[in-house]
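# Pasting the sequence and the predicted model now:
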Amino acid sequence: MMLKCLRVLNGLACVFNRRISYLVLMSLVAVLSACGQKDGDTALGTIERDRVILKATVSEIINELPVREGTQVEKGRVLVQLDGRRQQAKLAKAEAEQMRAAAHWEALRNGARVEDIGAAKADVSGAEASLAVAEKNYQRSVELRRKNLNTQAALDRALANRDSAQAVLESAREHLLVLTNGTRKEELDQAEAQFKAAQAQVELEKIQLAELTVVATRDGLLDSLPWNRGERVTAGSAVAVLLVGAGPYARVYVPEPWRVRLRPGQTLQVKVDGLEEPYTGTLRWISSDPAFTPYYALNERDRSRLVYLAEVDLAGAENIPVGIPAEVILRAGE
């Protein structure tokens with residue numbers, strides 16, 4: 001169609017060699033308008049492939065880049081190795097906390113040692129003896145006070161010593177009960193919960209350490225390594241980009257008048273810039289929403305300017321590089 005327009009313009013130029021009148025200018029505008037109307041039969045875009053972007057989870061220095069860009073890689077192959085010394089230290093600390101929590105939980109489950117129980121019984125016996133001596137001293141002080149042979153202060157001291165010895169005996173007996181009765185269930189549950197929390201923290205630190213070794217999550221082509229070895233990447237930044245999938249596809253923008261006539265699965269012709277023969281493509285997806293959000297009351301002229309993003313799979317086009325301009329012929333979709 002564009003060739004026909006050029007032929008018409010050449011013919012007009014031959015008729016008016018030097019000066020173009022106002023009527024001829026109007027004719028040129030009309031011809032270009034007619035040609036422009038046919039531009040709506042195509043959807044323009046680029047050749048793309050599905051991308052997998054692998055990002056850094058922490059800010060660390062890149063130690064190794066073992067694979068070159070443009071290499072076909074398999075799932076699981078190491079692409080980027082980040083410095084793991086900081087994370088290894090965190091993991092060691094978490095493992096130590098797990099060991100401490102496990103030992104504490106085990107001690108509570110086993111209960112008191114025989115030696116501790118024996119020492120507690122000895123404390124009880126000593127406290128009983130001390131109480132007996134204090135009781136006798138108090139009784140002697142009472143008798144002396146009755147005979148007015150000592151002061152009231154001496155009697156008060158004897159009474160305080162007896163009460164103190166009684167309190168020490170009660171404390172020793174309670175401590176012995178704690179050891180002989182064993183650990184309460186609530187304390188065991190708390191110790192178990194602390195151990196499980198420490199165990200989960202160890203697993204988390206292991207996962208974070210493993211994430212410092214960035215591997216290919218799918219088979220594909222290593223398209224880009226945005227960072228160089230020795231650089232410190234920022235957390236959340238892309239460190240490797242994979243091109244994956246069975247083959248490339250054309251990502252194009254469909255004019256609004258064609259949106260209602262296109263359905264996934266339709267066969268379309270795709271022209272790739274630089275290649276003579278078109279490819280046969282299959283419309284795999286087209287957006288339900290326009291590429292921008294317009295005002296709800298668009299008139300007919302404004303509606304025609306809307307475009308819808310679509311993706312067309314190409315058959316036998318595995319070697320076409322991404323980013324090449326492409327044109328989808330929409331007339332084949334009628």
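Looks like it came in fine.

# Near Ile62, how many other residues are there?
By the criterion of other Cβ atoms under 10 Å, Ile62 has 20 neighbours. C-beta: built from backbone N, CA, C; applies to glycine.

# ok, what's across the strand from it?
Beta-bridge partners for Ile62, by DSSP bridges, are Leu82.

# wait, it sits on Val239?
Yes - between Ile62 and Val239 there is a contact at 7.4 Å, judged by Cβ atoms under 8 Å.

# Give me the common contacts of these two.
Shared contacts of Ile62 and Val239, defined by Cβ atoms under 8 Å, 6 or more residues apart in numbering, comprise 80, 82, 227, 233.

# How many residues are close by the third one?
If you count neighbours by other Cβ under 10 Å, Trp227 ends up with 20.

# cool, and the last one?
For Val233, the tally of surrounding residues (other Cβ under 10 Å) stands at 21.

# Now it. Nearest residue, chain neighbours left out?
Distances taken as Cβ to Cβ, 6 or more residues apart in numbering place Ala56 nearest to Val233, at 4.5 Å, with adjacent residues excluded.

# Wait, a strand at Asn150?
No - going by DSSP: H, G, I helix; E, B strand; the rest coil, the assignment for Asn150 is coil, not a strand.

# Assess the claim that it and Leu144 are in contact.
Yes - taking Cβ under 8 Å as the definition, Asn150 is a contact partner of Leu144 at 4.3 Å.

# re earlier: return the closest of the shared contacts of Ile62 and Val239 with respect to Glu106.
Leu82 (37.0 Å; Cβ to Cβ).

# and the gap between that closest one and Thr217?
According to Cβ to Cβ, to the nearest Å, Leu82 and Thr217 sit 16 Å apart.

# do the same with Val307
Distance, Val307 to Thr217, using Cβ to Cβ: 32 Å.

# Looking at these two now, which is surrounded by more residues?
Each of Val307 and Thr217 has its neighbours counted (other Cβ under 10 Å); Val307 has more, 19 against 14.

# In this model Glu256 seems to touch that one, though I could be wrong.
Yes - Val307 is within contact range of Glu256, at 6.8 Å (criterion: Cβ under 8 Å).

# Between these two, which contacts overlap?
Pro290.

# which residues does Thr234 contact?
Thr234 touches 56, 59, counting by Cβ under 8 Å, 6+ apart.

# Could you confirm it falls within a helix?
No - assessed with three-state DSSP, Thr234 is coil; it does not lie in a helix.

# Quick check, pLDDT for it.
On pLDDT, Thr234 comes in at 96.

# I'd like to know how far it sits from Ala56.
7 Å.

# again, but for Gly220
Distance from Gly220 to Ala56, by Cβ to Cβ: 19 Å.

# what's the answer for Leu169, then?
66 Å.

# Also Pro321?
Counting by Cβ to Cβ, the gap from Pro321 to Ala56 is 27 Å.
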